[in-house]
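With the input below, show me the fold.
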Amino acid sequence: MGPPRTYNSTMNAVEADALSQLQNPAATVQLSVVVPLLDEQGSVVELHRQLTPVLDELDLASEILFVDDGSSDGTFEELEGLHGLDPRVRVIALRRHFGKTAALVAGFREARGEIVITMDGDLQDDPAEIPRFLALLRQGYDLVVGWKRERHDPPTKTVPSKIFNAVVRAASGITLHDFNCGFKAYRRAVLDDLRLYGDMHRFVPVMAAWKGYRVAEIEVHHRERRFGRSKFGAGRVMAGVIDLIRVLFLTRYMQKPLSLFGTTGLVLFLLGVVGGIYLAVLKLMGQSIGVSHLPLLFLTVMLILFGTILLAIGLIGEMQRHYGYHASDEYSIRTRLEH
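Coordinates of the predicted model:
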C-alpha cells in the first residue's frame with residue numbers, strides 16, 4: 001500500500017470546495033424529501049416513481065429519506081429495492097412503531113438538506129406540487145403548509161379534521177386551514193428550533209409561528225387513496241385535544257411556568273386567606289363557629305392547600321425547564337441504508 005495521497009497546498013477555492021464535497025457527500029445535498037411510512041407496501045414504489053422526475057427537474061441536489069415506522073408488511077423490502085436502484089434514496093427503519101411524530105423527528109435529524117419537504121407515503125400528496133412549495137420559501141417564508149381544500153377522504157376523517165382545525169385556529173389565533181396536513185416545506189432553522197414528541201407534529205405551524213418564523217399556506221391537490229388504509233381513528237382525536245392543551249401551554253408558558261401556576265395558585269391562596277380572616281373576625285366578635293360555617297371553613301382550607309400546591313408546581317416547573325431535551329429519546333433506529 002503506497003503512501004497517502006497529498007494535495008497541492010496552492011489549490012484554488014473551486015478545487016478545495018470540490019474536494020470537500022467528495023470527502024463529505026452530505027455537504028452536496030440541498031433538498032431532503034422526508035417520507036414517514038407505516039404499512040405502505042403498495043404505494044412506496046409508485047411514490048418513488050412519481051418523485052424522481054420532479055426532483056430531476058429541480059436545480060437542487062436532493063435526497064429521498066424514507067422512514068419506516070415499524071411496518072409489518074413488505075414495506076421495508078420494497079425500500080431495500082429502491083435503495084439499491086437509486087443513489088438518492090436513504091432508508092431509516094425504526095425498531096417498532098413509535099408514531100408519526102417520532103418518525104418525523106428521526107427523519108429531521110437524519111436529513112442532510114437545508115430545505116426539507118415532508119409528505120405522506122400513501123400517494124394522496126402529489127409530488128408535482130413540490131416546486132410551488134419551494135417558490136414560497138424563496139419569497140422569504142420559513143415554513144409552508146399544505147391545505148387540502150378538496151379532500152378525498154370519508155366523512156369519518158374529514159369531519160373530525162374540520163372540527164380540530166377550527167379549535168386550533170380559535171385557541172392559537174393562527175389562521176391556517178389545515179394544521180395537520182403532512183405536506184410541508186421547512187427551512188433547516190425551523191427544524192433545529194422544534195422539540196417534537198407525543199403527537200405534536202400536528203402543531204408544528206403553531207410552534208413555528210410562536211417562535212417568530214414566517215408561515216405560509218398553499219392549496220394543494222389531494223388525491224384518493226389507492227392502496228392500504230387510513231391510520232386515522234377516534235383515539236387520535238382525543239390525543240389531538242390533549243396535545244393542543246400541551247402545545248398551548250408550551251408556547252405560552254414554557255419559559256415562565258410560574259406565570260400560569262403561580263398566578264392561579266396565588267389567587268386561590270389569597271381567597272383562602274380572606275375566608276380564614278372572615279372566620280377569625282367572627283370568632284373575635286364572640287360569635288360561635290357552628291355547623292353553618294363548616295362549608296366555608298372547609299373551602300378556606302382547600303383554597304389555601306390547592307393554592308400552595310400550584311405555587312409549588314410553578315416553582316418546580318421553573319427549575320425543570322432548565323433540563324436538556326434529547327430528540328433521540330423519542331425513537332430507536334434498527335437499520336440504516338446509506339450510500
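
from here on, contacts and neighbour counts on C-alpha atoms
OK.

Name the next helix or strand following the longest helix along the chain along the chain.
Counting residues, the longest helix in the chain under DSSP state H turns out to be helix 294-320. On the C-terminal side of helix 294-320, the closest following helix or strand by DSSP states H and E is strand 333-337.

Export only the CA atoms of that next one, formatted as CSV.
Taking Å, rounded to 0.1, in the frame of the first residue of the first chain, the C-alpha atoms of strand 333-337 are listed here in CSV:
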residue,chain,number,x,y,z
ILE,A,333,-33.2,3.1,14.8
ARG,A,334,-32.9,-0.5,13.8
THR,A,335,-31.3,-0.2,10.3
ARG,A,336,-29.7,2.5,8.1
LEU,A,337,-29.3,2.1,4.4
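
quick check: mean pLDDT across it?
The average pLDDT within strand 333-337 is 76.

Excluding its own residues, what touches it? List them.
Strand 333-337 is contacted from outside by 80, 83, 90, 91, 92, 93, 94, 95, using Cα atoms under 8 Å, 6 or more residues apart in numbering.

mind listing what the closest residue to the second one other than its chain neighbours touches?
The shortest distance from residue 83 to any non-neighbouring residue, by Cα to Cα, 6 or more residues apart in numbering, is to residue 89 (5.1 Å). If you count contacts by Cα under 8 Å, 6+ apart, residue 89 has them with 63, 64, 65, 66, 82, 83, 338.

Filter the residues you listed down to the buried ones.
Among the contacts of residue 89, those scoring as buried are 63, 64, 65, 66, 82, 83 (criterion: 16 or more other Cα atoms under 10 Å).

Put together TSV for the residues you listed, with pLDDT on each row.
Below are those laid out as TSV (pLDDT from 0 to 100):
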residue	pLDDT
63	96
64	97
65	97
66	97
82	95
83	95
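
Nearest to residue 224 among those residues?
Taking Cα to Cα as the measure, residue 224 lies nearest residue 66 of the buried ones among the contacts of residue 89, at 21.3 Å.

Low-confidence regions, the stretch 201-339 of the chain specifically.
Residues of the stretch 201-339 of the chain that meet the criterion pLDDT under 70 lie in 226-243, 245-260, 289-291, 314-315, 317-333.

related to what we said a few turns ago, now list the buried members of the contacts of strand 333-337.
Buried, going by 16+ other Cα under 10 Å: 83, 90, 91, 92, 93, 94, out of the contacts of strand 333-337.

so what's residue 114 closest to, chain neighbours aside?
Spatially, and ignoring its direct neighbours in sequence, residue 114 is nearest to residue 188 (4.9 Å; Cα to Cα, 6+ apart).

Domain boundaries for the protein, per the record?
24-254, 257-320 (automatic domain parsing).

Compile those into CSV and extend it with columns for distance to residue 334.
Formatted as CSV, the domains of the chain follow (distance: least, Cα to Cα, whole Å):
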stretch, distance to residue 334
domain 24-254, 5
domain 257-320, 31
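
which one of those is the most hemmed in?
Of all the domains of the chain, domain 24-254 carries the top mean neighbour count, a mean of 18, counting by mean count of other Cα atoms under 10 Å.

That domain: how far from the chain's middle?
Centroid separation for domain 24-254 versus its chain: 9 Å, with Cα atoms, centre = their mean, to the nearest Å.
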